[in-house]
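1. just to be clear, the model below is a prediction. Sequence and coordinates:
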Amino acid sequence: MIRLHVNVDHVATLRQQRDTIYPDPVLAAGLCELAGADGITAHLREDRRHIQERDVRLLRQTVRGVLNLEMAAVPSIVDLALQIKPDFCTLVPEKREERTTEGGLDLRGQGAAIGRTVRTLRDAGIGVSLFIDPEEDAARASADLGAVCAELHTGDYCHAASGSAAARRELTRLEKAGRAVADAGLRLAAGHGLDYANVGAVAALPFLEELNIGHSIIARAVLVGVERAVVDMRAAIAAGARGAE
Ligand code: PXP
């Protein structure tokens with residue numbers, strides 16, 4: 001079964017909007033797990049625009065499944081990760097001016113620095129995933145840099161109109177890159193921009209083991225509650241995966 005990790009950043013976004021202590025992403029994470037999520041993902045950004053250090057420390061104490069920390073490969077955050085010891089760190093590129101992570105890692109330009117961070121985290125017993133554009137080269141480079149998992153950026157697929165030629169092209173790209181990830185011996189994950197309508201085709205990709213989904217689940221949770229939002233997403237993923245059998 002494909003694992004679902006719910007990204008709780010957007011609960012923290014709502015809290016930071018007013019500098020209140022609610023809604024609490026830690027509480028939301030517990031509810032997500034009770035509703036059947038296999039793990040929790042949180043992105044501690046350098047600018048602390050949503051998730052705070054306090055959240056990650058409490059998530060480490062409370063999450064029962066997998067805790068996946070998304071982070072930039074920068075010394076201050078790496079130091080924190082080494083203290084907090086999430087089960088997994090997913091390295092992502094980070095720009096101050098972006099609204100959300102816009103692309104995969106630049107493994108050509110930044111490969112040496114990323115490789116050093118991968119080694120540092122792995123030496124501390126933390127699994128490392130790299131967030132990459134759906135390209136075969138990036139898949140192979142992820143293995144060379146020592147990652148155990150690669151997460152394909154699904155943003156371009158999600159931006160393409162549903163059922164369009166562009167969406168089909170993006171799915172083919174994802175499939176090819178996914179095969180390259182599996183051929184390189186890495187676990188395959190995917191995420192970014194996935195919602196209840198577009199997740200099925202991604203869940204049907206060969207070798208896919210894990211999805212990281214945030215915005216669409218938290219947006220639905222605002223209206224129908226966390227449990228229903230997670231259960232509905234699990235159903236959409238299962239239907240897509242069944243379609244591929
Ligand atoms: N995976 C990664 C690496 C991300 O950076 C994000 C966004 O923080 C997600 C998944 C989740 O994206 P979304 O909130 O669009 O579901």
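-> Ah, there it is.
2. Glu227 and Leu31 touch, don't they?
-> Yes. Using CB atoms under 8 Å, Glu227 is in contact with Leu31, at 6.5 Å. Backbone N, C-alpha and C define where each C-beta goes, glycine included.
3. these two: which has the busier surroundings?
-> Shown here are Glu227 and Leu31; by other CB atoms under 10 Å, Leu31 has more neighbours (18 against 14).
4. part of a helix, is that one?
-> Yes. Assessed by DSSP: H, G, I helix; E, B strand; the rest coil, Leu31 belongs to a helix.
5. list the contacts for the residue nearest to the spatial centre of the chain?
-> Residue closest to the mean C-alpha point of the chain, counted by CA atoms, centre = their mean, is Asn212 at 3.8 Å. By CB atoms under 8 Å, 6 or more residues apart in numbering, the contact set of Asn212 is 5, 7, 41, 68, 70, 90, 151, 189-192.
6. and of these, the nearest to Arg119?
-> Closest to Arg119 out of the contacts of Asn212 is Thr90 (16.0 Å), distances taken as CB to CB.
7. please name the nearest non-neighbouring residue to the closest one.
-> Distances taken as CB to CB, 6 or more residues apart in numbering put Ser129 closest to Thr90, at 4.3 Å, once the chain neighbours are dropped.
8. give me the beta-bridge partners of that neighbour?
-> Thr90, Cys149 (DSSP bridges).
9. and it, how many neighbours?
-> Ser129 has 25 neighbours, counted by other CB under 10 Å.
10. so it makes contact with Leu152?
-> No. Ser129 is beyond contact range of Leu152, at 10.6 Å (criterion: CB under 8 Å).
11. overlap in contacts of those two?
-> Ala189.
12. looking at Val78 now. What's its pLDDT?
-> Per-residue confidence at Val78 stands at 98 (pLDDT).
13. coming back round to it: okay, the contacts of Asn212 in JSON lines with secondary structure next?
-> Shown next, in JSON lines, are the contacts of Asn212 (three-state DSSP):
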{"residue": "His5", "secondary structure": "strand"}
{"residue": "Asn7", "secondary structure": "strand"}
{"residue": "Thr41", "secondary structure": "strand"}
{"residue": "Asn68", "secondary structure": "strand"}
{"residue": "Glu70", "secondary structure": "strand"}
{"residue": "Thr90", "secondary structure": "strand"}
{"residue": "Glu151", "secondary structure": "strand"}
{"residue": "Ala189", "secondary structure": "strand"}
{"residue": "Ala190", "secondary structure": "strand"}
{"residue": "Gly191", "secondary structure": "strand"}
{"residue": "His192", "secondary structure": "coil"}
